[in-house]
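J.: next come a sequence and a model predicted from it.
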Amino acid sequence: MQILAEAEDLPKTANIRTQLISLWSVPIFGAILLVAFAAFPGFFPPMSPDMPANQVAAFYRDNEAMIRFSMITFNLCGIMLLPMFMVIVVQMKRMATQSHAFAYCYLTAAVSGATLFALADIFYLTAAFRPDRNPELVMLLNDMAWIIFIAPVGAIVAMNLLLAAAIYFDNGPNPVFPRWVGHYALATAVAMAPAVGAAIFRTGPLAWDGGVSFWLRNGAFALFVAVMFFVLRGVLQRQAVDEGVAR
Amino acid sequence: MTNTDQTASDLDIAGPSHSAARPVHMPGDGAMWVMVLGDFIIFGSYFVIFMIYRAMAPHEFLESQQHLNLNVGALNTLVLLTSSWFVARSVQAVRAGDHSRGLRLTYLGGLCGVLFIVIKAYEWTAKVAAGYTMPSNQFFMFYYMLTGVHLFHVGLGLLILGIVVRELRNPRRRRLSMVESGATYWHMVDLLWIVIFALLYVMR
Amino acid sequence: MSSAVSTESAARPVDPGARPAGKRDVWIVFWIVPAFYTAFGIIFFALARVMPPPRPDVTTDQMAHFFHAHATTIQIGFGILVLIVGGAGVANGIVVYHIKRMTVGSVLGYAYMGSLAVGALPGCLLVAFCFLTAVYRPDRDPQLLALLYDLGLLSYVGSLGCFTTAWFAFAIAILYDRNQIFPKWLAYVTVWQIVTEILAIPVFVSKAGPFAWNGSIAFWVGTVVFGFWLSCLIVFLKKANDLQPADEAPLP
């Protein structure tokens, strides 16, 4: 984006710039999070809910280093994705033909969802903290970690429904998002919703190691973040041009 | 040495403008010096704590220190000193009005910074592969944490140098105070590394 | 010397006949900040005994003993905390308010608000819940008490990323701001906060020494820096309140 010289010091330029910074946290920290995801020994393949307590305890004992590395990275870097969702809030507020209700609901839902993400890794790390803990208790912590990580998709489902609705209602002469983004958000919500089954089922595709609850849910989320990065870049470019900040 | 760029930079703290007849020139701006001094104090506390733990287990620390590669550490020190030299010369160039030279030198300084990170990454990988990880013992915990938080500062420094580059490329800006602030920060990073190098690698 | 009013989108026009409320609302909100953090300090230091945290390198029986010995003050302290924790929301909210008075747009204010809202659970309330649960039944199995002990303290000292994101957002906002709401060096003090979060990474690994959850580096230096940052923040919130013109239009 080529910022115009005359617009250098204006507040609306800073507005664009801070949104760009928030957006660029995605590729940087997204890459780091993907590395952490690949490094966690319990994701490839995902641990089975049917593992007996002794095996779970042995898993945490034998893989201390990698568990800690990946989960500490999640702890430190996971919430750095939040600014991108805040850019979506700011852009929703720019939609001309509606009130900001959807935008503020999106904001609160994003915060709820992020809280759950921040909570899950603490459980994995506590399970790995004392190798000589009673295996039944290690399994309890492991269960909570997985259930909190996979199952609570309600926030992100709500966010995507709100985004889709806002895009569909954005009939203004200058819609902020291309219409297909609304369809895509809806599809992501649908893809992630069944993962709630992870809190109920211990086998099958809906269990936390299953094709639907693990692979589809996480894959859809990662893809959504990646796609929205490019979408928002375009949106910010258009905003900058519209407001006379860039060429 | 007169300062021709005393327009209010956006890094100046709120306060009366520089309208004194003979301004004393403090390089950069006050805010960056707060950062530098505070960082020294915080790192200073880490260094003192390191010394205390070293005094409590001198054999363990000495023995573990043998496993550090002194040559790689010295190489990194050289790289960072060189980068500081480039950055210092770029400040001189900008003061003399030669912005394109200042820009080139800033790039070179940043390049050295990237090289430092690459060498550090190689060093860490080698250590981990040899079995020396954070939980190995107290010395290695200090090693990874001190070099790690320093690496974070190098990363921030590269960001700051990037801002300096953007400043120098824009003919409407090119504020000297920005360039000097960036250089101040970078020299701090260099100085911190020298102390870390001395404590972790050299001190017997 | 008054700070410039933000030149963002036009504020709602104020009915000229209406009596302006002045800045009473901002002052009320401001005074809640030091009041809340004083209470927070009393709760966490004196009552709940979480600051400084009890040691990680103790036996299960010693952990059980900790809970038995401090059950009453834990219940009083954390019981009060879950009542007044809204003060944390207020403390974060007034900062968001001033960020919105800057010239940087809203996104960083939202990021600050969101990150700290996230942090309230794993980074502040989870330890309260764990400890309250631990002392709820005096005859609980010590192994269960040990689990709650670890979970509470690891989450309290080890919740890093949410705060890191908030500090990044705040620092960037201050550095880009041209309304000079806060001094630039507060941004650098905020960067030190990020440094202390990084230095707390080893609490998930170390059970003793400077990098344990009660260690001189991972806990104490971090607490001192936080205390300094908070003091600066309160001083400059007061200054920002003082400098805000009494007739400044409400934010859009």
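T.: On my side now, so go ahead.
J.: and the residue of the stretch 1-150 of chain C nearest chain A?
T.: C:Gly105 (3.0 Å; CB to the nearest CB). For every residue, glycine as well, the C-beta is placed using N, CA and C.
J.: surely C:Val90 meets C:Ile32?
T.: Yes: counting by CB atoms under 8 Å, C:Val90 touches C:Ile32, with 4.6 Å between them.
J.: distance check, A:Phe40 against C:Gly161.
T.: 16 Å (CB to CB, to the nearest Å).
J.: right, I mislabeled it, should have said A:Asp143
T.: Taken as CB to CB, the span from A:Asp143 to C:Gly161 is 23 Å.
J.: which of these two has more residues huddled nearby?
T.: Applying other CB atoms under 10 Å in any protein chain shown to A:Asp143 and C:Gly161 shows that C:Gly161 carries more neighbours, namely 29 against 16.
J.: got a list of what the more buried one touches?
T.: Contacts for C:Gly161 (CB atoms under 8 Å, 6 or more residues apart in numbering or on different chains) come out as A:Phe74, A:Asn75, A:Leu76, A:Cys77, A:Gly78, A:Ile79, A:Met80, A:Ala118, C:Glu197.
J.: helix or strand right after the lengthiest helix in chain C?
T.: Counting by DSSP state H, the longest helix found in chain C is helix C:60-84. Sequence order places helix C:86-100 as the next helix or strand after helix C:60-84, per DSSP states H and E.
J.: burial of the closest residue to B:Gly73 other than its chain neighbours, as a residue count?
T.: Using CB to CB, 6 or more residues apart in numbering or on different chains and skipping the chain neighbours, the partner closest in space to B:Gly73 is B:Tyr201 (4.1 Å). Residues within reach of B:Tyr201, counting by other CB under 10 Å, total 18.
J.: regarding residue 104, what is its secondary structure?
T.: Using chain A here. helix (DSSP: H, G, I helix; E, B strand; the rest coil).
J.: let's do chain C instead
T.: Following three-state DSSP, we place C:Val104 in the coil state.
J.: what residues are up against it?
T.: Contacts of C:Val104 (CB under 8 Å, 6+ apart): A:Pro11, A:Ala14, A:Asn15, A:Thr18, C:Ile172, C:Ala173, C:Tyr176, C:Asp177.
J.: let's have those in a markdown table, adding pLDDT, distance to chain B and secondary structure.
T.: Shown next, in a markdown table, are the contacts of C:Val104 (pLDDT from 0 to 100; distance: CB to the nearest CB, whole Å; DSSP: H, G, I helix; E, B strand; the rest coil):
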| residue | pLDDT | distance to chain B | secondary structure |
| --- | --- | --- | --- |
| A:Pro11 | 83 | 12 | helix |
| A:Ala14 | 89 | 10 | helix |
| A:Asn15 | 91 | 16 | helix |
| A:Thr18 | 93 | 14 | helix |
| C:Ile172 | 95 | 11 | helix |
| C:Ala173 | 95 | 13 | helix |
| C:Tyr176 | 91 | 8 | helix |
| C:Asp177 | 91 | 8 | coil |
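J.: which pair in those spans the largest distance?
T.: Among the contacts of C:Val104, the pair separated by the greatest distance (CB to CB) is A:Pro11 and C:Ile172, at 14.7 Å.
J.: before we move on, the earlier item: next one: the residue nearest to B:Gly73 from C:Leu47, what distance?
T.: Taking CB to CB, one finds B:Tyr201 at 46 Å from C:Leu47.
J.: please apply the same query to C:Met102.
T.: 37 Å.
J.: neighbour count: the two, which is higher?
T.: For C:Met102 versus C:Leu47, neighbours defined as other CB under 10 Å are more numerous around C:Met102 (25 against 19).
J.: dump the residue contacts of the more buried one.
T.: For C:Met102, the contact set (CB under 8 Å, 6+ apart) comprises C:Ser6, C:Ala173, C:Ile174, C:Tyr176, C:Asp177, C:Arg178, C:Asn179, C:Ile181.
J.: do that again at 7 Å, thanks
T.: Shown in contact with C:Met102 (CB atoms under 7 Å, 6 or more residues apart in numbering or on different chains): C:Ala173, C:Asp177, C:Asn179, C:Ile181.
J.: which among the residues you listed end up buried?
T.: Buried by 16 or more other CB atoms under 10 Å in any protein chain shown: C:Ala173, C:Asp177, C:Asn179, C:Ile181, out of the contacts of C:Met102.
J.: with just CA atoms, put stretch A:22-33 into PDB.
T.: Provided in PDB are the C-alpha atoms of stretch A:22-33 (Å, rounded to 0.1, in the frame of the first residue of the first chain):
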ATOM      1  CA  SER A  22      -2.900  -5.900  13.700                       C
ATOM      2  CA  LEU A  23      -3.300  -7.800  10.500                       C
ATOM      3  CA  TRP A  24       0.300  -8.600  10.000                       C
ATOM      4  CA  SER A  25       0.400 -10.300  13.400                       C
ATOM      5  CA  VAL A  26      -1.500 -13.100  11.700                       C
ATOM      6  CA  PRO A  27       1.200 -14.400   9.300                       C
ATOM      7  CA  ILE A  28       4.000 -13.900  11.800                       C
ATOM      8  CA  PHE A  29       2.300 -15.500  14.800                       C
ATOM      9  CA  GLY A  30       0.200 -17.800  12.700                       C
ATOM     10  CA  ALA A  31       3.400 -19.400  11.300                       C
ATOM     11  CA  ILE A  32       4.800 -19.800  14.900                       C
ATOM     12  CA  LEU A  33       1.500 -21.300  16.100                       C
END
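J.: now, the most widely separated pair of the contacts of C:Met102?
T.: Going by CB to CB, the pair spanning the contacts of C:Met102 furthest: C:Ala173 and C:Asn179, at 10.7 Å.
J.: show me what contacts the residue minimising distance to the centre of chain A?
T.: Residue closest to the average C-alpha location in chain A (CA atoms, centre = their mean): A:Phe221, at 6.1 Å. When contacts are counted by CB under 7 Å, 6+ apart, A:Phe221 is found next to A:Ile156, A:Met192.
J.: wait, is it part of a helix?
T.: Yes: per three-state DSSP, A:Phe221 lies within a helix segment.
J.: pLDDT score for it?
T.: Looking at A:Phe221, its pLDDT reads 96.
J.: gap between it and A:Ser213?
T.: 12 Å.
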